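Undergrad: Show me the folded form of this:
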Amino acid sequence: MQRYARLAFSASLLVACAGTSGPFYEFRPTDEPLRYEISDQGALTIDTPVGAQRSVDSTRAMIALEVRGRTAEGRQTYVTFEALDVWAGGDFNSTHIEGAELIGQRYTGTLSENGVITVSDAPEIPSGLAETADPAEIFVDLLLPLPPGGVDAVESWPHRRTTRSDAGMEIDASYDGTAFFAGDTTWNGVSARIVVSEGLSTVSGRGMPAGAPGEVEFTFSGRSVTRYVWDPQRGVMLAASSRTDAEGDLEVIDMQMTMPITYEGVRTVWLR
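TA: Below is the predicted model of the structure:
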């Protein structure tokens with residue numbers, strides 16, 4: 001993805017937002033829930049001795065996000081699934097799980113200025129879904145990283161995050177990148193700013209995935225780029241799109257066999 005040129009605010013946008021109280025860039029309390037539609041897709045290809053094998057996953061969800069007052073950890077936040085579908089499979093099998101049991105149930109957490117939601121209270125995950133994915137993974141890093149101090153005085157700033165999952169396999173993921181302003185835009189008639197984050201994504205895991213001949217261990221890393229659209233007047237993210245391309249190795253531990261792997265992931269988010 002092309003690196004976007006860094007541009008200054010337009011004079012009209014500055015005038016429009018001059019009366020806003022508090023930091024210019026901050027997550028603000030919501031009068032009504034923000035409804036985000038999320039599409040997340042990933043494909044892992046393993047170069048085996050008998051040919052390439054492909055594993056794919058896809059999640060589509062609609063969530064309602066409520067942001068409340070500040071706490072020591074961040075802003076109090078509530079997330080409710082309004083729709084959730086998960087597909088997982090590949091060359092040998094395929095699974096489709098509807099998260100109907102989670103619809104309408106609320107996750108409680110805190111939202112940091114880094115755009116990460118830390119869940120403190122979650123509903124019970126249905127057993128079939130728990131073996132495939134943790135639904136909270138789709139929204140914990142939903143929002144954009146805000147600049148230090150909530151102002152645009154910096155040209156770029158560090159953007160780092162780590163997550164851990166135990167849905168079927170133990171998986172650790174990390175991102176070490178840089179965020180920067182990338183110009184102004186108009187989104188559905190709203191004056192908005194673009195923030196881009198680019199850096200290195202690393203994922204490692206261990207466990208027994210469905211269809212595997214034994215316990216496996218893998219690591220892959222590569223470049224990840226995310227483009228966020230931010231409404232500074234309301235303090236709301238309007239959209240985001242990201243892509244990750246990575247490569248690494250997978251080892252079947254009992255067979256002492258190591259195979260190259262590649263990963264491609266894309267994600268889109270829209271405020272409805």
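Undergrad: When you work out contacts or count neighbours from here on, use the C-alpha atoms and nothing else.
TA: OK.
Undergrad: all helices for the stretch 51-200 of the chain, in order.
TA: 127-130 (DSSP state H, counting those that start in this stretch).
Undergrad: how about the strands in it?
TA: 51-70, 75-90, 94-98, 106-111, 117-121, 156-167, 169-187, 190-207 (DSSP state E, counting those that start in this stretch).
Undergrad: Which strands border the longest one, and is each parallel or antiparallel?
TA: Spelled out, it's strand 51-70. According to DSSP bridges, strand 51-70 forms sheet pairs with strand 34-48 (antiparallel), strand 75-90 (antiparallel).
Undergrad: sorry, back to before: and the strands of the stretch 51-200 of the chain, which one's lowest on average pLDDT?
TA: Set side by side, the strands of the stretch 51-200 of the chain give their lowest mean pLDDT on strand 94-98, at a mean of 73.
Undergrad: Can you show me the CA trace of stretch 100-118 as PDB?
TA: Coordinates of the C-alpha atoms in stretch 100-118 are reproduced here as PDB (Å, rounded to 0.1, in the frame of the first residue of the first chain):
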ATOM      1  CA  ALA A 100     -26.600 -16.300  17.600                       C
ATOM      2  CA  GLU A 101     -26.100 -17.100  21.300                       C
ATOM      3  CA  LEU A 102     -24.000 -13.900  21.600                       C
ATOM      4  CA  ILE A 103     -26.400 -11.600  19.900                       C
ATOM      5  CA  GLY A 104     -27.600  -8.900  22.300                       C
ATOM      6  CA  GLN A 105     -25.100  -9.900  25.100                       C
ATOM      7  CA  ARG A 106     -22.700  -7.100  26.200                       C
ATOM      8  CA  TYR A 107     -19.000  -7.100  26.700                       C
ATOM      9  CA  THR A 108     -17.600  -4.600  29.200                       C
ATOM     10  CA  GLY A 109     -14.200  -3.000  29.000                       C
ATOM     11  CA  THR A 110     -12.000   0.100  28.800                       C
ATOM     12  CA  LEU A 111     -10.900   2.000  25.700                       C
ATOM     13  CA  SER A 112      -7.300   3.300  25.700                       C
ATOM     14  CA  GLU A 113      -6.000   6.200  23.600                       C
ATOM     15  CA  ASN A 114      -4.100   3.600  21.600                       C
ATOM     16  CA  GLY A 115      -7.500   2.400  20.300                       C
ATOM     17  CA  VAL A 116      -7.400  -0.900  22.100                       C
ATOM     18  CA  ILE A 117     -10.400  -2.200  24.100                       C
ATOM     19  CA  THR A 118      -9.500  -4.300  27.100                       C
END
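Undergrad: As JSON lines, the strands of the stretch 51-200 of the chain with mean neighbour count would be great.
TA: Putting those into JSON lines (neighbours: other Cα atoms under 10 Å) gives the following:
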{"stretch": "strand 51-70", "mean neighbour count": "18"}
{"stretch": "strand 75-90", "mean neighbour count": "20"}
{"stretch": "strand 94-98", "mean neighbour count": "14"}
{"stretch": "strand 106-111", "mean neighbour count": "20"}
{"stretch": "strand 117-121", "mean neighbour count": "17"}
{"stretch": "strand 156-167", "mean neighbour count": "16"}
{"stretch": "strand 169-187", "mean neighbour count": "18"}
{"stretch": "strand 190-207", "mean neighbour count": "20"}
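Undergrad: Which one of those strands lies nearest to residue 142?
TA: Closest approach to residue 142 among the strands of the stretch 51-200 of the chain (Cα to Cα): strand 117-121, 7.7 Å.
Undergrad: Am I right that residue 204 is in contact with residue 246?
TA: No - using Cα atoms under 8 Å, residue 204 and residue 246 do not qualify as a contacting pair, with a distance of 11.8 Å.
Undergrad: Common neighbours of the two, please.
TA: residue 220 (Cα atoms under 8 Å, 6 or more residues apart in numbering).
Undergrad: give me every residue that touches residue 259.
TA: Residue 259 touches 46-48, 249-251, counting by Cα under 8 Å, 6+ apart.
Undergrad: now residue 34
TA: Shown in contact with residue 34 (Cα under 8 Å, 6+ apart): 63-66, 271-272.
Undergrad: just those now: which is nearest residue 27?
TA: residue 66 (10.8 Å).
Undergrad: so the closest one makes contact with residue 30?
TA: Yes - under the criterion of Cα under 8 Å, residue 66 makes contact with residue 30 at 6.0 Å.
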